[in-house]
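Asker: got a structure for you, letters missing:
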């Protein structure tokens, strides 16, 4: 474990079990629906989770990407959602979209994206998050699939970062406050 990590919150074995469980739920819910299932990975933090989830699904899926941000400098949300890379498809009306997020704090980003994708004509939009911090919620939003509810601690690893660092860690760990309170 790296010296900047205070503790491991979700180890590799638990991450695998979470991804396996969520894949099973998605398989069950989307099997035989007749529309194409589009996994919409929210860059950059969700890449690792999305890749692992895709490998465990048994139903056909497509993948696309968006990059959005509600964070400015630092560790707190700005309250404004910015679309940095949009999804550009003309067939959204033929797609069931599953937005894949690494973590939900305030809920602003996913609530905004669900409405945005529906306005763009998506057949349906649901959400999945690896980690959920409901204590931080500032909007009325509940993801459709939740990997694990976690306490209000600053976490990194398994795609999650602080200042573009720590994404490569194979676990989710709590970052020592002195690292981000500089």
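Answerer: Sure thing, it's come through. These figures come from a predicted structure and were not determined experimentally. Residues are numbered from 1 along each chain as shown.

Asker: what kind of secondary structure is the residue positioned nearest the centre of the chain in?
Answerer: What sits nearest the mean C-alpha location of the chain, by C-alpha atoms, centre = their mean, is residue 101, with 1.1 Å. Following DSSP: H, G, I helix; E, B strand; the rest coil, we place residue 101 in the strand state.

Asker: Now do the helices in the protein.
Answerer: Using DSSP state H, the helices found in the chain span residues 12-30, 47-56, 108-119, 177-180.

Asker: Put together a markdown table for those helices, with mean neighbour count on each row.
Answerer: Just so you know, the C-beta spots here come from the backbone N, C-alpha and C atoms, and that holds for glycine as well. A markdown table is the format used below for the helices of the chain (neighbours: other C-beta atoms under 10 Å):
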| stretch | mean neighbour count |
| --- | --- |
| helix 12-30 | 16 |
| helix 47-56 | 19 |
| helix 108-119 | 18 |
| helix 177-180 | 13 |
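
Asker: By mean pLDDT, show me the worst of the ones you listed.
Answerer: With a mean of 92, helix 177-180 has the lowest mean pLDDT of the helices of the chain.

Asker: Low-confidence ranges, the chain, go.
Answerer: Counting by pLDDT under 70, the ranges of the chain that qualify are 1, 71-78.

Asker: Residue 104 - how many residues pack around it?
Answerer: Applying other C-beta atoms under 10 Å, we find 24 residues neighbouring residue 104.

Asker: what's near enough to touch it?
Answerer: Contacts for residue 104 were tallied using C-beta atoms under 8 Å, 6 or more residues apart in numbering; they are 110, 129, 131-133, 137, 141, 143.
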